[in-house]
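K.L.:
Here is my input; please provide its structure:
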Amino acid sequence: MAEGLVIIPTFNEIENIEAIIKTVFDLKKDFDILVVDDNSPDGTAKNVMDLQEQFKSNLFLEVRTEKSGLGTAYIHGFKWALARGYEYIFEMDADFSHKPSDLLRLHRTCLNGADVAIGSRYKKGINVVNWPLGRILLSYGASFYVKLITGMKVHDPTAGFVCYKRKVLESINLDAVRFIGYAFQIEMKFRAYIKGFKIEEVSIIFTDRINGKSKMSSKIIWEAVFGVIIMKFRSVFMKKSF
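P.N.:
Numbering: from 1, shown residues only. From the prediction side, this is the model:
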């Protein structure tokens, strides 16, 4: 068993999943991979099952019965990882928007003292490729808004490329995490911040997916906008339960 587990949530990622898995396993450092698939109708889970014949000891698959949201997929993966003793738990997309080789940089940042390492699109300007201007402005504006409301000194609080040390996830009541879309990413970082963990950002280049369809929706965006205010309110007035 490797010391680090990469969790990849999937829904209809048949065009990407085999390539992303093989690219991670080709890295110079050993990582295990857990794919959490929401019963993709395109056969993503079947593709992973076939690959398990080749990667018997370090590729794992959890198939859920329905599409239940990004946040719940990661919570499922976090609990799975903690139950099996992994020391470093990573979040990563299946679509190559996150460069697999940057897993090494996130891991190194945690080895050097960070408790949470974030692959940041905005630490050094705006490092996003193939996004329309409107989406860049929405994402960058959301990051500024989150910093303003929460007080976190994190340039990219909605980032989905993250390494958590085991102790961080152990300290968070995962069953109390409320949000399921991109607000989930903000909430996890905010909970780590409230508990005093050291959060560091690693500048990455984010490249929008080439294959497959984006899961972004207006519902996800509004959850993040209003969710941040609710989350901040709860952290101030309901500290014991937060």
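
K.L.:
hang on, Gln61 packs against Ala45?
P.N.:
No Gln there; residue 61 is Leu. Yes. A contact is recorded between Leu61 and Ala45 when judged using C-beta atoms under 8 Å, the distance being 6.3 Å. Using the backbone N, CA and C atoms, a C-beta is placed for each residue, glycine as well.

K.L.:
got the residue ranges for the strands in this structure?
P.N.:
For the chain, the strands defined by DSSP state E occupy 4-10, 32-37, 59-63, 88-91, 116-120, 128-129, 162-165, 199-203, 206-207.

K.L.:
Quick one: the ones you listed as TSV, columns for mean pLDDT too.
P.N.:
Shown next, in TSV, are these (pLDDT from 0 to 100):
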stretch	mean pLDDT
strand 4-10	98
strand 32-37	98
strand 59-63	98
strand 88-91	98
strand 116-120	98
strand 128-129	85
strand 162-165	98
strand 199-203	98
strand 206-207	90
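
K.L.:
Just put those strands in a markdown table and tack on mean neighbour count.
P.N.:
Putting these into a markdown table (neighbours: other C-beta atoms under 10 Å) gives the following:
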| stretch | mean neighbour count |
| --- | --- |
| strand 4-10 | 25 |
| strand 32-37 | 24 |
| strand 59-63 | 18 |
| strand 88-91 | 24 |
| strand 116-120 | 26 |
| strand 128-129 | 14 |
| strand 162-165 | 26 |
| strand 199-203 | 19 |
| strand 206-207 | 20 |
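
K.L.:
so which of those strands comes closest to Ile180?
P.N.:
The minimum distance between Ile180 and the strands of the chain falls on strand 4-10, with 11.2 Å, by C-beta to C-beta.

K.L.:
So which elements touch the closest one?
P.N.:
helix 17-25, strand 32-37, helix 70-83, strand 88-91, helix 102-111 (3 or more C-beta pairs under 8 Å, 6 or more residues apart in numbering; DSSP states H and E).

K.L.:
if you set the cut-off to 10 Å instead, what comes out?
P.N.:
The elements that strand 4-10 packs onto, with contact taken as 3 or more C-beta pairs under 10 Å, 6 or more residues apart in numbering; DSSP states H and E, are helix 17-25, strand 32-37, helix 44-52, strand 59-63, helix 70-83, strand 88-91, helix 102-111, strand 162-165.

K.L.:
Parallel or antiparallel, which strands does that strand pair with?
P.N.:
Counting by DSSP bridges, the strands paired with strand 4-10 are strand 32-37 (parallel), strand 88-91 (parallel).

K.L.:
Format the ones you listed as a markdown table; extra columns: distance to Ala192.
P.N.:
As requested, the strands paired with strand 4-10 are exported to a markdown table (distance: least, C-beta to C-beta, whole Å):
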| stretch | distance to Ala192 |
| --- | --- |
| strand 32-37 | 21 |
| strand 88-91 | 12 |
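
K.L.:
what about those, which gets the closest to Ile20?
P.N.:
Between Ile20 and the strands paired with strand 4-10, the shortest gap by C-beta to C-beta is with strand 32-37, which sits at 8.7 Å.

K.L.:
tell me how far the closest one is from the chain's mean position?
P.N.:
Remark: strand 32-37 is offset 12 Å from the chain centroid, using C-alpha atoms, centre = their mean, to the nearest Å.

K.L.:
Just want the angle from that strand to helix 70-83.
P.N.:
The directions of strand 32-37 and helix 70-83 differ by 140 degrees, with axes from the mean of the first three to the mean of the last three C-alpha atoms, to 10 degrees as the criterion.

K.L.:
Next, the angle strand 59-63 makes with strand 32-37.
P.N.:
With the same axes, to 10 degrees applied, the angle from strand 32-37 to strand 59-63 works out at 20 degrees.
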